[in-house]
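[1] take a look and give me a structure for this.
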Amino acid sequence: MATPLKDFVPEESGSSLDPAGASPTKSGPGIARRHLLKTAMGAGLALTAGVSAPAVVRADAPVRIRLAWFPNSACLSPVAAAQHRGLFAKHGLEVEFVNLAGPTDQLLEALSTRKADASVGMALRWLKPLEQGFDVRLTTGTHGGCMRLLAAKSLGITRFQDLKGRTIAVSDQAGAAKHFFSVVLMKRGIDPARDIDWRQYPADLLPLAVEKGEAHAIAHQDPDTWRFLKRPDLIEVGNNLSDEYAHRVCCVLGIRGSLLREDRPTAARITRALLEAQDLTAAHPELTAESYAPYVANTSQEDIVALLKTHTHGEHALGDVLRQQIVQYTEELKLVSVIRPTTDAVKFAQKITEDVLV
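    A predicted model of the protein is given here:
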């Protein structure tokens, strides 16, 4: 079971879009291994009050890092909260966002070539490139629950087993949603290669494919799938918290290997800040939604709050728990021919994960 991070109680914040205007945050001792959220990062750290003062005053200069992300992915909204609620600053980080809109391989290449220092993304999309040798290490899981499988309500599809012989629309044939639901179907006796017709469409046209009868279901991720559920012709069949996946993380924090080797304390700072942001999101999704809203189109703050409440931002996988979940995903991806059958899942998980908080 993933390790919960608890007891994060933020104070009232100032402007969500101005890091200098964010009020300080407080944290209890119960996060991860009890020392995760120690505020003493070094001499000179002090909390300040008032919306016009910086959240944290540090004696040392902040470390500048570049964080690559896909700003239209709602499950990454805690990244925006870490920036605009002062959590990066609290941990001595000055963060520049590298906004991406292309494939995940582009993100991992940015990390491994020093164009970015860290990123958060979907484990099921990262594992194949990491198997191929990208120099990135995973330091924590962040949350679960941002992929959904929707179906046409008129077809009476209510279980994964009802999808045999159907057509499922996806936005990426190598995407995490297709990988995940292929595994789910395989484990329920449906061969995703022979029994399912996967068709690719632009993300915003996925519902239209179902409406026109070109597809019977959609496998995709939030915030799009949450917005699609407002349509009267679609229902949710399942998601990546269904059944045995209730406590499995789906997204992970990746840090370039060279940074980890050269400056492990900074890797730990990044990890702590983003874990605090996850707990902030679990306890106060409205604050995260306010910080994130400027980055996403066609989704209201109310919808962001609602969908965040369906995720498990209060549960995280660290250390041995993270490695075990990577082992599980690796073995599952072998079932659908994504990971090589000869890959040793245990050794692979040990190679690509790093526990920076010990």
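[2] please make it C-alpha for all contacts and neighbour counts, starting now.
    Fine.
[3] and for the nearest residue to V184 once chain neighbours are set aside, the neighbour number?
    What sits nearest to V184 in space, not counting adjacent residues and going by C-alpha to C-alpha, 6 or more residues apart in numbering, is F160, at 7.8 Å. F160 has 16 neighbouring residues, counting by other C-alpha atoms under 10 Å.
[4] shouldn't F160 be in contact with L185?
    Yes: the pair F160 / L185 is scored as a contact, 6.5 Å apart, by C-alpha atoms under 8 Å.
[5] overlap in contacts, these two.
    Contact with both F160 and L185 is made by no residue, according to C-alpha atoms under 8 Å, 6 or more residues apart in numbering.
[6] what sits against the residue nearest to V184?
    184-185, 188, 237-238.
[7] what residue ranges in the chain score low on pLDDT?
    For the chain, the stretches with pLDDT under 70 are 1-59.
[8] leaving aside the residues next to it on the chain, what's closest to the spatially most central residue of it?
    Nearest to the mean C-alpha position of the chain, by C-alpha atoms, centre = their mean, lies C251 at 3.4 Å. In space, not counting the residues next to it along the chain, C251 is nearest to M122; the distance is 4.2 Å by C-alpha to C-alpha, 6+ apart.
[9] the one you found: neighbour count?
    Residues near M122, counting by other C-alpha under 10 Å: 25.
[10] and the helix or strand where I235 lies, C-alpha only, in PDB?
    Per DSSP states H and E, I235 falls inside strand 234-239. Extracted in PDB, the C-alpha atoms of strand 234-239 (Å, rounded to 0.1, in the frame of the first residue of the first chain):
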ATOM      1  CA  LEU A 234     -21.000   8.700 -21.900                       C
ATOM      2  CA  ILE A 235     -20.600   6.700 -18.700                       C
ATOM      3  CA  GLU A 236     -17.400   5.700 -16.800                       C
ATOM      4  CA  VAL A 237     -16.700   2.000 -16.900                       C
ATOM      5  CA  GLY A 238     -13.600   2.200 -14.700                       C
ATOM      6  CA  ASN A 239     -10.400   4.100 -13.900                       C
END
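[11] name every strand pairing with that strand and say which way it goes.
    strand 147-152 (antiparallel) (DSSP bridges).
[12] residues making contact with the strand it pairs with?
    157, 177, 181, 210-211, 216-222, 225, 229, 233-240.
[13] just the buried ones from the residues you listed?
    157, 177, 181, 210, 216-222, 225, 229, 233-240 (16 or more other C-alpha atoms under 10 Å).
[14] where along this structure do the helices fall?
    Listed in chain order, the helices of the chain (DSSP state H) span residues 77-84, 87-90, 104-112, 123-131, 176-187, 206-211, 224-228, 257-262, 264-283, 285-292, 301-308, 319-335, 345-352.
[15] want to throw those into CSV with distance to D197?
    CSV is the format used below for the helices of the chain (distance: least, C-alpha to C-alpha, whole Å):
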stretch, distance to D197
helix 77-84, 32
helix 87-90, 44
helix 104-112, 23
helix 123-131, 20
helix 176-187, 11
helix 206-211, 13
helix 224-228, 20
helix 257-262, 38
helix 264-283, 36
helix 285-292, 35
helix 301-308, 28
helix 319-335, 18
helix 345-352, 29
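[16] first to last residue in stretch 156-169, what's the distance?
    Length of stretch 156-169, first residue to last, C-alpha to C-alpha, to the nearest Å: 17 Å.
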